[in-house]
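>>> would you be able to build a 3D model of this:
(2 chains)
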Amino acid sequence: MSTASKYAHRRPVRGGAGKASTLKDDLRVAICFFKMAHGINKAYLPLQAAAALAGAARAFPAVIFPKLIIDELTGAQRVPVFLLLCGGFLLLTVLIEQLGTFLNTRVAIANMAMTHAFEARLGERHVTMKFEALEDPDILDMKEKALVPIEQYNAIEFMMFSSLGLLRNGVMLLGLLGILFTLDWVLIAALCVLVAVKLFLYSRQQKIEADFQQELAVEERRWNYYRQLATDFSMGKDMRLYRLAPFLMNKIRAYHDEVVEMTGRIHRRYARLDVPSAVVSAVQTAAIYGYMVWKVLAASLSIGSFSMYVAAAAQFSAAMTDFFNSAVRVRTFCRYLADYMAYEALDLSQESGGDQPVPADKTIEFRHVWFRYPRSDDYVLRDVSIVIPAGEKLSVVGQNGAGKTTFIKLLCRLYEPDKGEILFGGRDIRTLSYDDYMKELAVVFQDYKLFAFTVRENIAADKEMPDDAIWQALREAGVAEEIAALPNGLLTPLYKAYDNRGVELSGGQSQKLAIARSVARRASVVVLDEPTAALDPYAEAEIYTRFHELVAANTAVYISHRLSSCRFCDRIAVFRNGAIVELGTHDELLAKGGHYAELFTAQAQYYQ
Amino acid sequence: MKVRAYHRDERRKHAKYNAGQVVRYILSGAWKTDKPLFALMGIYTLVLAATPFIGVFFPRYIIDELTGAGDPARLMWLVGGMLGTAALFGVIEKTSLHAQAHRVFRLRTRLTQQHALKCMTTAFRNTEDSDFLDRAHLAEQGLWRMEATIETVFELGGQMLGLAGYVAVISTLSPWLLLWLGMSVGVVYLITYFVERYEYRLQDDIAGVERRGAYLYSVLYDFAYGKDIRIFRLSRWLLRRFIDSRKERLGYTRSIQNHRFFLGIWHLPNNLLRDGAVYAYLIWQVCTGALTIGEFTMYLTAISAFSGWMISLINNVLFIVRESWYISELREFTEPEEAENTDTLPLPKAPYTIEFSHVRFRYPGAERDVYTDLSLTIPAGEKLAIVGKNGAGKTTFIKLLCRLYEPDEGQILLNGVDIRRFDRDEYAMLFSPVFQDVKVTAFSLAENVAATDADTLDRERVETVLRQADLFEKAASLPKGIDTPMLRMMEDDGVELSGGEKQKLSFARALYKDAPIMLLDEPTAALDAIAEANTYRAFDRLIGQKTAVYISHRLASTHFCDRIAFFEDGQLTECGTHDELMAQNGAYRRMFDVQAAYYRKGATADVDSE
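Coordinates of the predicted model:
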């Protein structure tokens, strides 16, 4: 079974999000792809070309030498000539074979290195691109689309593999054509007809393939979703207590029937193309045979030449089929890679910002800041102005969606204000060196992420940091004892994803470790976003009581739905619909009887 | 998922089924569900095996005729015969190929369904067992490999026939030559074996590197890490680690490929000896007149094809052996589980009294009991709050109650009958759970509420419960109302709900189910103060006369419960109404005060000094 047919009824595969693509589009993608590959490794394309040449050369000894041997057999039958011919035939075959194997092993290594380089390249862009892209659903969608063919179908490797096949068969065709030219024009004319017919069939095949993929692109999404749904074990409780299984299985079965039916339909179309094509191939081979037989009978061709031309014509026909199959595959992968190239081409680089040193004065000021998320009409922050003097402990409260977390994201330069400015020590933060400014901030986001590396690496990353400093941070976060109890102390890995000796942490422990990571930075501004949502009252109270120790003389911003947290902050900023509506101490705001009082009472009434 | 795939080698040594059993499993599965597929595949592989012989036999006779009598009529018949055979074989091959393609695919969808069903209905404890999750993902890999393996199994059958054909042809020339060729194939097998063995020995190391690489890849590619990477300036470090890990991986490939090449050099003398002897023999035979030129061509073609045929056969066998390991995983995974209990007593009539009687329970693989001896009765209609520190065993209570886990000792009784004696599905219908993290599926809002197909759900009831859960306004504002698809996974116009809305959806779903017992596990953790207070106020209305079990860290919620059960280290240490427990001045009171302190006037000083 040829690879092409094996490939044809594989699982649904997404193709270029269902766009029909022209030869020009595909060519552009291919050129872009190989330019990238060439940029990564200059030796790559020459290596591919060499491997293609060696692969093509393989066919020729078996076409030429038997002729020479047969000529000798039907002729003088000299032993030294036989020795020379057989020896030459064998050595040449074996050497080409070895060269081919050698180059193929090099290509295998180079292909893996290339795939890695592509991964690293995109990985680098992900960790350096401007943050707003990470929260843009369109970019996220683009990323998913771009990566599905890469991650699930190895599109990069297949692209390289298929284009090697295309090149190899192309070279082989040219060589065989050279041999056939030595006969006469009739054969060449016959082969031209063959090429024309194949081209016609190729365009039909291309069309079916394109239609197929267009249909599959739609199915692909559903296929992936159903697959994911079935193995999403976090739905375990819902699945059993709401008896979702029968409901979902019905959906899956109905969907499967639909795709199977569709695959059958597509293959009936393929059959209508492939069956006549098989007959045409047979007719052509027979025609060539017939013509050659006639030439032999007319005594203008030796038996040796007869077998050579017949072999060459058969090879030519096979190489032609492979060539067009490779072409179909290359174009298919071009379509897969179109999304990838489009994603890769996006310019999302972070503007490096200014290069001013960070001032010694740590006062933060928001001055008439307006902000809305990209592609959104509504302002999330409206004319926010606030001065946070160095060392102040500020509590930020408000309902869901009031703009609290956005306020922090702007402070962290994850987004930039649309209007107004944010000042640090009197300077617009955009003019400050990005790296230096980041060093001033220690943030624990609500959805903080720890890494599956060791405790030490989680806290210090690759920086030199004495053990004492790390333990100090762990103590301040209240998690030192638990870490000390781990089998390898600071060198214990977390989770099992990276190292299967890793340990699982409870929600509270992770939270405290995330806090320790921030504390260890000894930054001048500490931001805690909802750190106690998952904690029990004691653990919550522990964080509260440690808060002052944690932030010491630094500026602190504390966000929480638990209004109890406002009691130990100097001031409270109350957000409502994107604006700071109240600002003051707990007592002041409670006395005022405004939004804060409403929020506080809503929670406090149950504790009186 | 990527990460999990690399645990395979720790399990590879314990594959339950060997390659032969896997092949039998595939064939019997296909035989049971799709007999025409067998016929089609049989025809297809037969033709595939026979096709090369057209090129072996016809040229021989044509050449013989050309070098002999040269009778044009006979030659025409020969060429015509070749044309006819080739066309016939071609038509049969392509027809059968395209006719079976969707059948093989259907076979895979059947197995996919078995896999999905198993994942969805396996004992709940498995869904929290990382070993089981690994196995599920490995079995999924088996699914991916199914089609190619089925095809290869059939192809192998054809190849065996083809092999017999070559053996037959070559043995008419000389059995010794056949032996000679067999030996050379043996050498090829040995070389391949040593290459594979070398690779196999590196598998464990490679698995480790790949797993680490896959993790680093996910950190770089998952946007969820974006904020922390930027704030803590980790990008260069992570990138360097990733590149180093990939370099390490490439090192293995390099050494495997080098090994492959250097071992492959043994092919050189092997081929020289094999083909040299064959050519010498054939030429000698022609020179002595024992062979015609036509026969010479035929044997040359057959012999050079024979080696290639054998090599591809060996590779196919190795392929099946390799893939069979994953399919063994699939087979093992989809085998029925031991039935835990087959009792199917009908459920008693409402009202329901629940009793935990001397329950001892420990999670599989854990070192400590969650409960050593827990006894608690919940009378019908009671609203019970369960409070305690993290890890005190609150959520486990709900899991046992729902029969997601079973007690190791003691019993849970429903109206005096052990719950294990009821039908599992029917028993599940008694509960309406509301969790903190509702799992929205990519179907319509109504389907999410009703947990059933759009055709069978009660639309009026959906609207009623949406109203009760305060989500109707939102639903009405959506483009297609309650038929609006959720998420963007399947439909471009899918809608994402906010955290608070998902919470409400969770309530709506519980109300639609309208089961006699409500279970609420931290339903307000993600809500703001006002939304939280609104939820509390709505409770009485939402729960009505039903029994309810409520778990929360927010002790305020205990106010509207009839009774509070305070758990400490798996023990029920205090139980009573809020006022009773406050009066008791025990652990509950201490915990309540810790939280309440911040909400009381002038309490800040006390708290700070604590």
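>>> which elements pack onto the longest helix along chain A?
The residue-count maximum for a helix in chain A (DSSP state H) belongs to helix A:244-297. With contacts defined as 3 or more Cβ pairs under 8 Å, 6 or more residues apart in numbering or on different chains; DSSP states H and E, helix A:244-297 has these neighbours: helix A:185-230, helix A:236-241, helix A:303-345, helix B:35-67, helix B:72-121. In this view, the C-beta of every residue, glycine as well, is placed from N, C-alpha and C.
>>> quick one: B:E332 and B:F132, what's the gap?
12 Å (Cβ to Cβ, to the nearest Å).
>>> got it, and A:P66?
According to Cβ to Cβ, A:P66 stands 60 Å off from B:F132.
>>> between these two, who's got more neighbours?
Shown here are A:P66 and B:F132; by other Cβ atoms under 10 Å in any protein chain shown, A:P66 has more neighbours (23 against 18).
>>> that one in helix, strand or coil?
Recorded secondary structure, A:P66: helix (DSSP: H, G, I helix; E, B strand; the rest coil).
>>> spell out which parts of the stretch 401-550 of chain A neighbour chain B.
Counting by Cβ under 8 Å from any Cβ of the partner chain, the residues of the stretch 401-550 of chain A close to chain B are A:401, A:412, A:414, A:435, A:438-439, A:441, A:443, A:445, A:447-449, A:451-452, A:461-462, A:496-500, A:506-508, A:517, A:521, A:533-541, A:544-545.
>>> those in strands, which ones?
Using DSSP state E, the members of those that fall within strands are A:441, A:443.
>>> can you select the buried ones from the residues of the stretch 401-550 of chain A next to chain B in PyMOL?
For the buried members of these, the matching PyMOL selection, counting by 16 or more other Cβ atoms under 10 Å in any protein chain shown, is:
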select buried, chain A and resi 401+412+414+438+441+443+445+448+449+451+452+461+496+497+498+499+508+517+521+533+534+535+536+537+538+539+540+541+544+545
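>>> which of the residues of the stretch 401-550 of chain A next to chain B fall within helices?
Here DSSP H is the test, and these give A:435, A:438-439, A:507-508, A:517, A:537-541, A:544-545 as lying in helices.
>>> B:A583: which of the residues you listed is nearest?
The closest of those to B:A583 turns out to be A:P537 (Cβ to Cβ; 19.3 Å).
>>> what sits against A:L589?
A:L589 makes contact with A:572, A:574, A:582, A:596-597, A:600 under the criterion Cβ atoms under 8 Å, 6 or more residues apart in numbering or on different chains.
>>> before we move on, what SS does it have?
Assigned by three-state DSSP, the conformation of A:L589 is helix.
>>> how much space between it and chain B?
14 Å (Cβ to the nearest Cβ, to the nearest Å).
>>> from A:H561, how far out is that residue?
Here the criterion is Cβ to Cβ. By it, A:L589 lies 16 Å from A:H561.
>>> then B:A116?
As for B:A116, its distance to A:H561 is 38 Å (criterion: Cβ to Cβ).
>>> the residue nearest to B:P52 when sequence neighbours are not counted sits in which helix or strand?
Nearest in space to B:P52, with sequence neighbours left out and distances taken as Cβ to Cβ, 6 or more residues apart in numbering or on different chains, is B:A305 at 5.8 Å. Assessed by DSSP states H and E, B:A305 sits inside helix B:293-334.
>>> how about A:A573?
Per DSSP H and E: strand A:571-576 holds A:A573.
>>> would that strand count as contacting chain B?
No. Applying Cβ under 8 Å from any Cβ, one finds strand A:571-576 separated from chain B by no less than 10.7 Å.
>>> contacts only, for the closest residue to B:E93 other than its chain neighbours.
Leaving out its chain neighbours, the residue that sits closest to B:E93 by Cβ to Cβ, 6+ apart is B:V47, at 4.7 Å. Each residue near B:V47 by Cβ under 8 Å, 6+ apart is listed here: B:89, B:92-93, B:96.
>>> try it again with 7 Å
Counting by Cβ atoms under 7 Å, 6 or more residues apart in numbering or on different chains, B:V47 touches B:89, B:92-93.
>>> reformat these as JSON lines; add pLDDT and neighbour count.
Output for the contacts of B:V47, formatted as JSON lines (pLDDT from 0 to 100; neighbours: other Cβ atoms under 10 Å in any protein chain shown):
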{"residue": "B:F89", "pLDDT": "95", "neighbour count": "19"}
{"residue": "B:I92", "pLDDT": "95", "neighbour count": "19"}
{"residue": "B:E93", "pLDDT": "93", "neighbour count": "23"}
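>>> the helix or strand hosting A:R367: how far from the chain's middle?
For A:R367, the element it lies in under DSSP H and E is strand A:364-371. Here strand A:364-371 is found 36 Å from its chain centre; the criterion is Cα atoms, centre = their mean, to the nearest Å.
>>> ok, residues contacting the helix or strand just after that strand?
Next helix or strand after strand A:364-371 toward the C-terminus (DSSP H and E): strand A:381-388. For strand A:381-388, contacts defined as Cβ under 7 Å, 6+ apart pick out A:363-371, A:394, A:403, A:406-407, A:555, A:573, A:578-580, A:583.
>>> show me what counts as buried in strand A:381-388.
By neighbour count with 16+ other Cβ under 10 Å, strand A:381-388 contains the buried residues A:381-382, A:384, A:386, A:388.
>>> could you point out which residue ranges in chain B have low pLDDT?
The model of chain B has pLDDT under 70 over residues B:1-14, B:339-342, B:436-437, B:601-610.
>>> quick one: mean pLDDT over the longest helix of chain A.
Mean pLDDT, helix A:244-297: 88.
>>> got the angle for it vs helix B:35-67?
10 degrees (axes from the mean of the first three to the mean of the last three Cα atoms, to 10 degrees).
>>> next, count neighbours for residue 347.
All of this is about chain A. Neighbour count for A:D347, taken as other Cβ under 10 Å: 7.
>>> chain B is the one I meant
By other Cβ under 10 Å, 16 other residues sit near B:L347.
>>> SS state for it?
Of the three states, B:L347 takes coil according to three-state DSSP.
>>> residue contacts, it?
The contact partners of B:L347, taken as Cβ under 7 Å, 6+ apart, are B:422, B:426-427.
>>> measure it to chain A for me?
From B:L347 to chain A the distance is 15 Å (Cβ to the nearest Cβ).
>>> any residues of the stretch 451-600 of chain B in contact with chain A? List them.
The stretch 451-600 of chain B comes close to chain A at residues B:451-453, B:489-490, B:498-500, B:509, B:513, B:525-526, B:528-533, B:553, B:555-556, B:559, B:591, B:594-596, B:598-600, as judged by Cβ under 7 Å from any Cβ of the partner chain.
>>> thank you kindly, that will do.
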